[in-house]
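Asks: Sequence and predicted structure are below.
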Number of protein chains: 2
Amino acid sequence: MTAVGPGAAVGSTHGLSGWLSHRAAVLPDHPAVETREATLTYSELDTRASALAGELAAAGVCASDRVGLLAHNSLEFGVAIHGVARAGGVLVPLNARLTTGELAWQLANSRAALLLAHEPTIGQATAAASEAGMAAPMLLSRPDLTAGPAPEGASPEAAAGASDVAAIIYTSGTTGRPKGAMLTFANFWASAAGSAFNVGVLPGDRWLACLPLFHVGGLSILLRSVIYGTTAVIHPSFDEHAVNRALRKERITLLSVVPTMLERMLDADDAPFPASVRAVLVGGGPVTRETLERALARRLPVLQTYGLTEAASQVTTLSPADALTHTGSAGKPLLGTRIRIDAAGGEPGEILVCGETVTPGYFDNPGATAEALGDGWLRTGDIGRLDTDGFLYVLDRRDDLIVSGGENVYPAEVEGVLRGHPLVEAAAVVGVPDARWGQAVAAAVVGAPGLDPAELEAWLRARLAGFKVPRTVRVVATLPMTASGKVQRRLVREALAGGGPQ
Amino acid sequence: MTAVGPGAAVGSTHGLSGWLSHRAAVLPDHPAVETREATLTYSELDTRASALAGELAAAGVCASDRVGLLAHNSLEFGVAIHGVARAGGVLVPLNARLTTGELAWQLANSRAALLLAHEPTIGQATAAASEAGMAAPMLLSRPDLTAGPAPEGASPEAAAGASDVAAIIYTSGTTGRPKGAMLTFANFWASAAGSAFNVGVLPGDRWLACLPLFHVGGLSILLRSVIYGTTAVIHPSFDEHAVNRALRKERITLLSVVPTMLERMLDADDAPFPASVRAVLVGGGPVTRETLERALARRLPVLQTYGLTEAASQVTTLSPADALTHTGSAGKPLLGTRIRIDAAGGEPGEILVCGETVTPGYFDNPGATAEALGDGWLRTGDIGRLDTDGFLYVLDRRDDLIVSGGENVYPAEVEGVLRGHPLVEAAAVVGVPDARWGQAVAAAVVGAPGLDPAELEAWLRARLAGFKVPRTVRVVATLPMTASGKVQRRLVREALAGGGPQ
């Protein structure tokens, strides 16, 4: 707890550092982040954030400097986001599944001043930092092994304003390179409030993060929890048995998953879930009616959501009360958010989003910013429709977005790498149904004589994160094209999924 | 539920009208406001707000026009605040206990375009409007007696921005006339969020309003509830038996009272309260340790708070966990709010407040605004100190503020009226302990020969709201003065409370 000098202010400014200081003052002994190995209270987290901020400052990190973070779900990740904020830095969470080249590109694009890593990612981080021409990464110490408060004066409390950028999160698009969506503290605050005024918040809440923390869905759990003064429980990765046990034995009240995870939870055993589970938020794709009914029968209150990185996660949510009458819908916007369909006559069209959770734009990319936000509404690239009661139905994610095990894969990016191979003449990448991951990546390629499938796979693995590498590559004579010369991905998908004639 | 046309936006802008539209769309059948006689769902409330907005527009009310509201706690009050917001007006809630002259002054000062009243206040409203030179007041129809939706086109949906003024609430000060504190929609939003991230919010919450709705403590319950999508339960006035019954039988989860109300609730019977009561917020003065222990023994989780009109209600709150170790403290600031003591060396001094709940200023009163907010911190006029852990102790409310039954009485105002009497030469007004109301107003006056106590009381009643009229007026030979010629109110208080020598 911080001693208050005479005349000194008590209470918080906005921004992650202020929110954490506030919680450390009001709830010093309340658990802030938990993993299987250890728990940090708000007071401990605050102390460790200050210590890390001191180290960052000593390493030359200044206000507004971008700081990369390459770490798996861990206590170190939880401490790192607060240390970066307290030093006044901007967090760039990196997907630990990316290749060295992909990581180096994002580090270079964000002009990161420093890269943070923990023990399991330090090798990967060292390679990426080197390729990006940066200094060697800073190794995050295990917070459960470090003891004692930060040395005096090692806590540069940077005063962050609500409009300051908290994080830059890279998202791929239908074309070209990933774009760094900037999210401000105000974006995360509005998202936390909108979510609280929808599913509720209680001082004893425990939100389980089993999604990757480097994606907005996981990261926002950490930020929301400190805003609420509640506990974020971190799992290293998704394991249905571990999640079911946590819901039943560890008083988890809230959970965020993707549809296949929910299905795996329901398949894992037949027991009901306790009433302490207030809500299971399911994003990244529609929950089938069958899964919904199975979940409700086992007392899991499923809330279908639609969200995206550029809106700090949730945009719409379908309440359990509406779930059976509007199956397949992603519900209605959170308070403070508006959506619109860019089409007339009730037809499907692009989903547009407006409100305080929406990104101010892409880092150092005025072209992409103008394209996405030019008229004040965020163009999501996703296709949807609104029914007459105002319920949103998401029909297609960003053209041909493939969602595999909670990861977004953009066909254009994979096709670009395929076409870069000297013996590939044309390529089409699609998602095909997969029992375990929802969708799997599959490709059809037109190859020149001599194209070797094994060599092509090595080419892909060297350039793409594992989850983006097609599980199936089928060599075909031609691709089905439209009259205007565009690949008909729908036909490719049917062919690759069904094994039908080409 | 509103049908959504093709291309039309779904979701809410900020502002009361937008929040209500949102709730009517997402929770159409959820109870919004309840009285003993009737309940309005969000859909019904939305319909009635639109109907009233139509009537207001027809009566010439334009965006930003001030609209006075003179009503007791009632369903009509609940509808009126939404009708005014939907018409784009600024609510001026008037204290129904004021005299005609006091009401007329506030109407004139706010340059109100119209005055709304309900059946029980229509006589009083007619007199006040007439004295203020306004048109006759508009009578609010009883919403439980009116049926059917508003006529098409009678719903002028004014787009309010977060920074727009929602209400002007008059507060008296230590000197001079009352000042109209402006509160924006953003102020109420920040207050609702800060409170939710402290006591929590659940979709099934029911917040009981037994404080007057024309004060910020009652009004903010109505606004908070629509932001949360929960239910506001309105009692016509405070009755300890009715409140205890509501807590036990009507699933009330949250309650706001002043200390004497809590004591009366505890005195009324000996039964415990159900665990469904999540928090009893007590403001307007300190809860004694004895009362606190009695409350906790009966399972009432008491949260001592400090707040004021200019900060949209709550500023600090003491959690039940800290209540027994910091008895007498008002706790720590809500998230997003900061406090500071205007004194060095840990000494008591004026409490200063900063944050998103703080008023942008007093209506049409740049002098008072500059005085209170000149350096960005709100000068509350209240005296307090912070302990080394950052807990606030409120030592004196605004110099000599008297809090009687939840109403603020400013000695300077009452003394001014006393001194205006031709036979009163000097007067000092103080609060003395009162078992039922916490404090009672008492006066010592130096009178010229021929001063008649009965005639003096009539003089006071004609000019002051009943709760401001001193219960005791003692005629004395001289008032105790300081060397610098100021009345020593402390000595007057001791003399009037103890009946000691003068």
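Replies: On my side now, so go ahead. Numbers count the residues shown, from 1 in each chain, chains lettered A, B, ... in the order given.
Asks: Next, count neighbours for the nearest residue to A:S74 once chain neighbours are set aside.
Replies: If the residues on either side of it in the chain are set aside, A:S74 comes closest to A:H118, at 6.0 Å by CB to CB, 6 or more residues apart in numbering or on different chains. Heads up, the C-betas are built off the backbone N, CA and C, glycines and all. Neighbour count for A:H118, taken as other CB atoms under 10 Å in any protein chain shown: 22.
Asks: which residues touch A:H118?
Replies: A:71-72, A:74, A:76-77, A:139-140, A:142 (CB atoms under 8 Å, 6 or more residues apart in numbering or on different chains).
Asks: 10 Å - rerun?
Replies: The contact partners of A:H118, by CB atoms under 10 Å, 6 or more residues apart in numbering or on different chains, come to A:69-72, A:74-77, A:79-80, A:125, A:137, A:139-142.
Asks: quick check, nearest of the residues you listed to A:L262?
Replies: Within these, distances to A:L262 taken as CB to CB reach their minimum at A:H72, with 22.3 Å.
Asks: And the closest residue to A:E356 other than its chain neighbours, what's its pLDDT?
Replies: Using CB to CB, 6+ apart and skipping the chain neighbours, the partner closest in space to A:E356 is A:A190 (3.6 Å). Note for A:A190: predicted pLDDT of 94.
Asks: Low-confidence stretches in chain A?
Replies: For chain A, residues meeting the criterion pLDDT under 70 lie at A:1-7, A:145-160, A:173-176, A:396-399, A:482-486, A:498-502.
Asks: okay, which residue is most central for it?
Replies: Closest to where the C-alpha atoms of chain A average out (CA atoms, centre = their mean) is A:H215, at 2.0 Å.
Asks: Surely that residue touches A:A181?
Replies: No. Using CB atoms under 10 Å, A:H215 is not in contact with A:A181, being 11.5 Å away.
Asks: Now for the two: what residues contact both?
Replies: A:169, A:171, A:309.
Asks: ok but the first one is inside a strand, no?
Replies: Think A:I169. Yes. According to DSSP: H, G, I helix; E, B strand; the rest coil, A:I169 belongs to a strand.
Asks: and it, how many neighbours?
Replies: Neighbours around A:I169, by other CB under 10 Å: 26.
Asks: The second one too?
Replies: Neighbours of A:T171 under the rule other CB under 10 Å: 18.
Asks: so what's the closest residue to it other than its chain neighbours up against?
Replies: Nearest residue to A:T171, sequence neighbours excluded (CB to CB, 6+ apart): A:T309, at 4.7 Å. Applying CB under 10 Å, 6+ apart to A:T309 gives the contacts A:167, A:169-171, A:179-181, A:183, A:215-217, A:219-220, A:359, A:408.
Asks: from those residues, which is closest to chain B?
Replies: Nearest to chain B among the contacts of A:T309 is A:S220, at 15.2 Å by CB to the nearest CB.
Asks: Surely that closest one is within a helix?
Replies: Yes. Assessed with three-state DSSP, A:S220 lies in a helix.
Asks: pretty sure it is in contact with A:S195, am I right?
Replies: Yes. A:S220 lies in contact with A:S195 (CB under 10 Å); the separation is 8.4 Å.
Asks: Now the common contact residues for these two.
Replies: With CB under 10 Å, 6+ apart as the test, A:S220 and A:S195 both reach A:312-314, A:357.
Asks: got a winner among these for most neighbours?
Replies: Ranked by neighbours (other CB under 10 Å), the shared contacts of A:S220 and A:S195 are led by A:A312, which has 33 neighbours.
Asks: What is the burial count for the closest residue to A:V432 other than its chain neighbours?
Replies: With sequence-adjacent residues excluded and distances taken as CB to CB, 6+ apart, A:V432 is closest to A:A497, at 4.2 Å. A:A497: 17 surrounding residues under other CB under 10 Å.
Asks: For A:A497, what is the enclosing helix or strand?
Replies: Per DSSP states H and E, A:A497 falls inside helix A:489-498.
Asks: for A:L75, phi and psi?
Replies: The phi/psi pair for A:L75 (degrees, to the nearest 10) reads phi -60, psi -40.
Asks: Would you confirm that it contacts A:T39?
Replies: Yes. With contact taken as CB under 10 Å, A:L75 and A:T39 are classed as touching, separated by 8.6 Å.
Asks: Quickly list what's touching both of those two.
Replies: By CB under 10 Å, 6+ apart, the residues touching both A:L75 and A:T39 are A:33, A:45, A:144.
Asks: Please report how far the residue nearest to A:E263 when sequence neighbours are not counted lies from A:V258.
Replies: Ranked by CB to CB, 6+ apart and with sequence neighbours excluded, the top spatial neighbour of A:E263 is A:T291, at 5.6 Å. Distance of A:T291 to A:V258, computed by CB to CB, to the nearest Å: 12 Å.
Asks: I am finished for the moment; much appreciated.
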